[in-house]
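**Q** After the sequence you'll find the predicted model.
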Amino acid sequence: MTRRDAVFLLRGVVSALLVVWLMLRYDLPELAEAFVSPRWPLLVAALIVYAVSAFGGAIQWSWILRASGLQIAGWDVRRAYFVGLFFNNFLPTNVGGDAYKIIDLGRREGRPLRVFCATFLDRLIGLSALTFLALGVAAAARVAGIELPRVVLLLVAVLLLLLLVLGLLLSRRVGPHVPPLMRRLHLVRLSRQTERVVEEFQRYRSRPRWLAAVFALSLGVQALRITTHLVVAAGLGITLSGTQMVQLFVLIPLLAVSLTLPVTINGIGLRESVSVHLLIYAGLGETSAVAMEVTAYTVQAVFSLYGGLLFWRGRPR
């Protein structure tokens, strides 16, 4: 058994244990009642909101690719992005979609490293926008006297870490010194790869206004994805007050950040387990929290089937 197989098996075991724990903890008929009378127009609206966010995400990635010097047709970028969404949801890994995008466009353009760096920057900006948005809402909630759990402070550490990585890659003073430092630590092979990545990121350093525009677009994309969860809640008949919506605008990003941890297969089991312990701070019942997140993930998976269709049809000649 290879190391990759062992890691995959371990993640599968963790997912299975979490699912079993949920089944033992909750009465399945009680959980099923949350799906008995869905409001289909609102669930369709949630699908539309997520679709708009997905198209926004594709635009964000296309902006970064073009800024890197790659002149790729908009349709090809959108196709790769949506196929990547499909792979993210239906392959047993959270990075399968990114790997597809890098291999597909990188091989076609003859610049796999450039596509990798653009995709990596896209991920960093997306996570930074998500945590920044959540912390902004958390600050406003504190002023308004809306209670939030202390665990929200973890988002501060996440944002600082993301900004540190962006700073190392984009800084003219710090970035070029990282590869020599790695060579002193006898990390020769890693230093060569890092040096190439730092060189690629130099293409973005002199464009602060452009970076600000990409970040603003990403804020809108992330706000729409959080809104998808709120519309799903309405579609399941879960009534949310204004205070609860504000709280969820902070807690859902924290949930999303937790799902980036590579400890389960596609977040199966982890999503529901974290939802139970986190979303109750917004006054949701445990059953409602699980139902909302399962349905929100289903909405995302249903839309990603469009990417599967594009992959099945192949690229137009």
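**A** Received it, and whenever you're ready, just let me know what you need. Numbering: from 1, shown residues only.

**Q** Can you list the low-confidence ranges for the stretch 51-200 of the chain?
**A** The model of the stretch 51-200 of the chain has pLDDT under 70 over residues 92-95.

**Q** Which residue ranges of it form strands?
**A** Counting by DSSP state E, counting those that start in this stretch, the stretch 51-200 of the chain has no strands to list.

**Q** That one: helices as residue ranges?
**A** All helices of the stretch 51-200 of the chain, identified by DSSP state H, counting those that start in this stretch, fall at 74-90, 96-109, 112-143, 154-170, 178-184, 188-205.

**Q** Report the buried residues of the fourth one.
**A** Think helix 154-170. 155, 158-159, 162, 166, 169-170 (16 or more other CB atoms under 10 Å). Backbone N, C-alpha and C define where each C-beta goes, glycine included.

**Q** possible to save these as a markdown table with distance to Pro149?
**A** Shown next, in a markdown table, are the buried residues of helix 154-170 (distance: CB to CB, whole Å):
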| residue | distance to Pro149 |
| --- | --- |
| Leu155 | 11 |
| Val158 | 15 |
| Leu159 | 17 |
| Leu162 | 21 |
| Leu166 | 27 |
| Leu169 | 32 |
| Leu170 | 33 |
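
**Q** and which of those residues is nearest to Cys117?
**A** Checking the buried residues of helix 154-170 against Cys117 with CB to CB, the nearest one is Leu169 at 8.4 Å.

**Q** Count the neighbours of the closest residue to that closest one other than its chain neighbours for me.
**A** Spatial nearest neighbour of Leu169, excluding adjacent residues (CB to CB, 6 or more residues apart in numbering): Phe201 at 4.4 Å. By the criterion of other CB atoms under 10 Å, Phe201 has 20 neighbours.

**Q** Same question for Leu305.
**A** 14.

**Q** Not counting residues beside it along the chain, what's closest to it?
**A** That would be Phe86: by CB to CB, 6+ apart, it lies 6.8 Å from Leu305.

**Q** how much space between the one you found and Leu255?
**A** 22 Å (CB to CB, to the nearest Å).

**Q** can you check Lys101 too?
**A** From Lys101 to Leu255 the distance is 25 Å (CB to CB).

**Q** Check Thr119 too.
**A** For Thr119, the distance to Leu255 - CB to CB - is 23 Å.

**Q** Look at those two and report which has more neighbours.
**A** Thr119 (24 against 21).

**Q** just checking, that one touches Tyr100?
**A** No. The pair Thr119 / Tyr100 is not scored as a contact, 10.3 Å apart, by CB atoms under 8 Å.

**Q** Could I get the pLDDT score of the residue nearest to Leu169?
**A** pLDDT recorded at Phe201 is 86.

**Q** Let me know whether it touches Phe116 as I believe.
**A** No. Counting by CB under 8 Å, Phe201 stays clear of Phe116, with 11.1 Å between them.

**Q** Thank you kindly, that will do.
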